[in-house]
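1. Pasting the sequence and the predicted coordinates here, then a few questions.
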Amino acid sequence: MIPIIKPVMDEREVEAVRRTLLSGWVTQGPEVKAFENEFSSYVGSKHACAISSCTTGLHLALKAVGVGKGDEVITVSHTFIATANSIRYCRAEPVFVDIDPDTYNINPELIESSLSEKTRAILCVHQMGMPCDLKKILQIARENNLPVIEDAACAIDSEINWKGNWEKIGKPHGDIACFSFHPRKIITTGEGGMLTTNNSEYDKKFRLWRQHSMSVPDTVRHQAKSVIFEEYTDLGYNYRMTDIQASIGRVQLLRLPEIIASRQSLAKKYFEQLTDIPGLDLPFEPEWAKSNWQSFCIRLPEGLNQKGLMQKLLEKGISTRRGIIPIHQERAYELEKWSCGTRQKDCNCSVNRCKKLEESEKAGVKAIILPLYPHLTESEQNNIIVEITAFCKKKINL
Ligand SMILES: *Cc1c(COP(=O)(O)O)cnc(C)c1O
């Protein structure tokens, strides 16, 4: 069976876990600290703060920039549901802006008309590893005095051309970026995430909140020569990463350049071999962006059945995933508050259907995500290409 993705791990990760377990310190401690330092050097940020997941990280990021009850946050519906959930955790309301159908990322041209006096932040997403148009997004944000948080869950080691130089996502170009180490992403710690920022006030808040807003962390008390009583100064959370996870992350980070090189060469082959199928849309990479190819998403020609192709591939032992289902079409958001940037009555949108989010809705039913990971062999990838080509050509000739 060819899965959609497979983590790259071997004895080196096992050895790191072994070392940590035998060290006697397993929760957030020296390994987390080292992972944070190595991560910030890698992406070029001043600070990096490890957390338990990207979802919990987004919650802290929104809270740090001051998002609270009744505020609105500009984001996309075409994303993993956690993006919008993190806004709801702050009791704020996601305002969904439609995507550009070529990049599957927020269409910056549609942001301005979605702003209101309640807008408090922009939470943009580098979907499937493709950088979103940060230059335009930041320009709008700065003009309107809004902080920008980048949901970079999928975008570790993706790059953006910034004033003539290639820079890594997470430097960050906005105010805060947030990464995920879930196994569906590029490198993994089982579960885990990382917040990067150049703002030391935000970083201080993350560090306080992630461990119950404890005034003196347990690592410090553990080493202290005199008795220290800690205080809890603010509502906090348990959003810590463990040292066991961080020790895996440190090895994964060393593998990252190799993983990306391999993903890029697999993506190149898909581009070369699938390009001749009439009407099949391949991913679009703007000249100012370099994707890490976390997902390779194709869009089927008119008249071709998404589920049909997915079933056919599954019968041949090939897993695929459908495109991202927009959040406003999920049951949870029949109950949770959201809007599409107009007062609802101007839009006439019904539950599940929104004219203003047409491209987001289309992407879900037309797109298919293909297997792509370093262990994918040449013959497995050839097989995938052959099956897709056969399916599309047969249907087109009919
Ligand atoms: C995976 C993902 C998340 C959630 O990451 P976790 O680490 O699983 O919490 C958030 N946003 C996007 C865009 C994602 O793809």
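-> Cool, got the structure. Numbers count the residues shown, from 1 in each chain.
2. moving C-terminal of the helix or strand of the chain with the lowest mean pLDDT, what's the next helix or strand?
-> Among the helices and strands of the chain, helix 344-347 carries the lowest confidence by mean pLDDT, DSSP states H and E, at a mean of 65. Downstream of helix 344-347, the first helix or strand assigned by DSSP states H and E is helix 358-366.
3. residues of that next one that come out buried?
-> Residues of helix 358-366 classed as buried by neighbour count (16 or more other Cβ atoms under 10 Å): E359, S360, E361, K362, A363, G364, K366. In short, each C-beta sits where N, CA and C put it, glycine included.
4. TSV for the residues you listed, including distance to the ligand and pLDDT?
-> As requested, the buried residues of helix 358-366 are exported to TSV (distance: Cβ to the nearest ligand atom, whole Å; pLDDT from 0 to 100):
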residue	distance to the ligand	pLDDT
E359	17	94
S360	13	95
E361	18	93
K362	19	91
A363	14	90
G364	14	84
K366	19	86
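5. Take these and write them to JSON lines, including distance to D157.
-> Shown next, in JSON lines, are the buried residues of helix 358-366 (distance: Cβ to Cβ, whole Å):
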{"residue": "E359", "distance to D157": "27"}
{"residue": "S360", "distance to D157": "26"}
{"residue": "E361", "distance to D157": "30"}
{"residue": "K362", "distance to D157": "29"}
{"residue": "A363", "distance to D157": "24"}
{"residue": "G364", "distance to D157": "27"}
{"residue": "K366", "distance to D157": "28"}
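6. Okay, domains of the protein per the record?
-> Using automatic domain parsing, the domain parsing of the chain gives 11-255, 256-395.
7. which one of the ones you listed is the most hemmed in?
-> Ranked by mean neighbour count under mean count of other Cβ atoms under 10 Å, the domains of the chain are led by domain 11-255, which reaches a mean of 20.
8. Could you check how far the residue of the chain most remote from its centre is from the ligand?
-> Distance to the chain centre peaks in the chain at S226, reaching 43.3 Å (criterion: Cα atoms, centre = their mean). When distance is defined by Cβ to the nearest ligand atom, to the nearest Å, S226 is 39 Å away from the ligand.
9. cool, and A16?
-> Taking Cβ to the nearest ligand atom, one finds A16 at 20 Å from the ligand.
10. Give the next helix or strand downstream of the helix or strand that contains that residue.
-> If you go by DSSP H and E, A16 is part of helix 11-23. The first helix or strand that comes after helix 11-23 along the chain, using DSSP H and E, is helix 30-43.
11. And what about I325, helix, strand or coil?
-> Following DSSP: H, G, I helix; E, B strand; the rest coil, we place I325 in the coil state.
12. hmm, I was thinking of E285
-> Under three-state DSSP, E285 comes out as coil.
13. for it, what are its contacts?
-> Applying Cβ atoms under 8 Å, 6 or more residues apart in numbering to E285 gives the contacts M130, S291.
14. Per-residue pLDDT of it, please?
-> Here the pLDDT value assigned to E285 is 97.
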